[in-house]
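Q: Quick one, what's the 3D model for this:
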Amino acid sequence: MNPNELADELEAQNYDYWLNLMLDNVPNDIDKREGSIIYDAVAPAAMVSAQQSLSLANIIRETYIKTAQGEFLDYRAVEHGTSRYAATNTEVKAKFNDDDGNPVNVEVGDRFASIAESPIFYTVIKANDDGTAEMQAEEAGTSANSYIGQVLPVTPNDNLAWAEITEIIAPARDAETDDHLRARLLNSNSGVAYGGNVADYLDMTSKISDVGATQVYPTWDGPGTVKLVILNNDLMPASQTLVKKVKEEIDPEDKTTEGYGLAPIDHRVTVTTAETLTVNVQINALLDAQHVTSNIEQQIKNALSKFFIELRQNWATINPTTGRGYTLTIFRSRILSKIMQIEGVANADLPILNGENKDISLIFDNKVSQLPILGEVTVINENR
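A: Residues are numbered from 1 along each chain as shown. Next comes the predicted model:
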């Protein structure tokens, strides 16, 4: 019996279980009917015993990583030298103009708000002299990751006529889920982070809040060289601002190899981001005439969009066969499987990727690290 089965057994020991067990031990020549003296005497004890069984079941579940949840899982993470990834704050770039369209400078600490029923508030964290600034969303989480457009000043500025967010510099992430944290704790391939090994660099970048995933290429340009390929929290190519931030934290440009960053002395670290590979998908399908074709086509596009997100989630997974390096293949059969699950698709051929009838194996080497991005999706209805 494993701990989960034991917990299930304890949960099954409810009020009726304990009441019947107690009454079964009372001689049959004694009145045991509801309302009798014996019944009324053991019923409260049965209730307490049932509550204790439930408490024991919870204790057993919260004791082990496989079944622990919430704060109990946090305590197990601490025992393994890590902790739950906290939610981060979105960082954006904004521009500011006066009535004539001339740049207006703002100051660090100035506050702005998006235009919405539930506005997002931002604080300036870096002010430039060209009428632009970097701002950070005040609320942690991904809610501000998609907002680009006009913002209104909260801090008074008589010279300001227009303020606008133009770019998401560093998308935020939500707090790590129990399932993700549990998978990290149970991952036997994570290795021990020590002395500048691959696990050590993965640990370094995981603690930088704006980094969503990292590939590590050791000795990529000779002894002592390390290449880090990073993505942002949306698992998309990192901005140059983020690349520079990670470089400064890991191995500062003006003091490279000197050990002033997180990297060990004599390690020359290069930080870059992935090269996007746009994948256009053509699908020849037989669509059910009883369904609205446009709706089916949109469902196909939505399914492929989710599929490519899943691909990017596996982008930084170390090759399980060799235990080193990276591999990722876009299998047409997996795309076909996703399509055939959509109601209204009667049949379909293997999709055509970038004009060719073959799977696509992404390139991961010392020079190139590709990231799959869904391009144009063309659905050809053979029923027309």
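
Q: Same question for the helix of greatest length in the chain: list its buried residues.
A: Longest helix in the chain by number of residues, with DSSP state H as the criterion: helix 37-63. Using 16 or more other Cβ atoms under 10 Å as the burial criterion, the residues of helix 37-63 that qualify are 39, 42, 46, 49-50, 53, 57-58, 60-62. Placement of C-beta: from N, CA and C, glycine included.

Q: Show me what the nearest residue to Phe112 once chain neighbours are set aside is bridged to.
A: Using Cβ to Cβ, 6 or more residues apart in numbering and skipping the chain neighbours, the partner closest in space to Phe112 is Val151 (4.1 Å). When bridges are called by DSSP bridges, Val151 pairs up with Ser114.

Q: follow-up on the earlier one: identify, from the buried residues of helix 37-63, the entry nearest to Ile380.
A: Each of the buried residues of helix 37-63 was checked against Ile380 using Cβ to Cβ; the closest is Arg61, at 51.0 Å.

Q: how many neighbours does the residue lying closest to the closest one once chain neighbours are set aside have?
A: Here the nearest residue to Arg61 in space, its sequence neighbours aside, is Thr67; by Cβ to Cβ, 6+ apart that works out to 4.2 Å. Neighbour count for Thr67, taken as other Cβ atoms under 10 Å: 17.

Q: check contacts around Thr67.
A: The neighbourhood of Thr67, defined by Cβ atoms under 8 Å, 6 or more residues apart in numbering, consists of 3-4, 7, 60-61.

Q: Backbone torsions only: list them for it.
A: Here the main-chain torsion angles of Thr67 (degrees, to the nearest 10) amount to phi -120, psi -10.

Q: tell me the domain ranges of this structure?
A: The record's domain parsing of the chain by automatic domain parsing lists 3-63, 91-170, 188-273, 276-381.

Q: so which of those comes closest to Glu79?
A: Counting by Cβ to Cβ, and looking across all of the domains of the chain, nearest comes domain 3-63 at 11.6 Å.

Q: and the end-to-end length of stretch 7-17?
A: Distance between the two ends of stretch 7-17: 15 Å, counting by Cα to Cα, to the nearest Å.

Q: next one: it to chain centre, how far?
A: A distance of 37 Å separates the C-alpha centroid of stretch 7-17 from that of its chain, computed with Cα atoms, centre = their mean, to the nearest Å.

Q: Show me what the longest helix of the chain packs onto, helices and strands only.
A: Using 3 or more Cβ pairs under 8 Å, 6 or more residues apart in numbering; DSSP states H and E as the contact definition, the elements that helix 37-63 packs against are helix 3-11, helix 15-24.

Q: Which one of those has the poorest average confidence?
A: Lowest mean pLDDT within these: helix 3-11, at a mean of 88.

Q: In that one, which residues are buried?
A: By neighbour count, and taking 16+ other Cβ under 10 Å as the criterion, the buried residues in helix 3-11 are 7, 10-11.

Q: do stretch 277-285 as well
A: Residues of stretch 277-285 classed as buried: 277, 279, 281-283, 285 (neighbour count, 16+ other Cβ under 10 Å).

Q: where along the stretch 201-350 of the chain do the strands fall?
A: Defined through DSSP state E, counting those that start in this stretch, the strands belonging to the stretch 201-350 of the chain, from first to last, are 211-218, 225-232, 268-273, 275-287, 329-330, 345-348.

Q: Show me the one of these that comes nearest Thr321.
A: Comparison of the strands of the stretch 201-350 of the chain against Thr321 by Cβ to Cβ identifies strand 329-330 as nearest, at 12.6 Å.

Q: what about that closest one, average pLDDT?
A: According to the model, strand 329-330 has a mean pLDDT of 96.

Q: Which elements pack onto it?
A: strand 360-361.

Q: and with 6 Å instead?
A: Here strand 329-330 touches no other helix or strand, going by 3 or more Cβ pairs under 6 Å, 6 or more residues apart in numbering; DSSP states H and E.

Q: which outside residues touch that strand?
A: Outside strand 329-330, the residues that touch it by Cβ atoms under 6 Å, 6 or more residues apart in numbering are 359-361.

Q: Once you drop chain neighbours, what's closest to Tyr17?
A: If you skip the residues right next to it in sequence, Tyr17 has Ala50 as its closest partner in space, 7.2 Å away by Cβ to Cβ, 6+ apart.

Q: deepest of the domains of the chain, which one?
A: Among the domains of the chain, judged by mean count of other Cβ atoms under 10 Å, the one packed with the most neighbours on average is domain 188-273 (a mean of 18).

Q: pLDDT added to the buried residues of stretch 277-285, as TSV?
A: Listed next are those as TSV, based on pLDDT from 0 to 100:
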residue	pLDDT
Leu277	96
Val279	97
Val281	96
Gln282	95
Ile283	93
Ala285	90
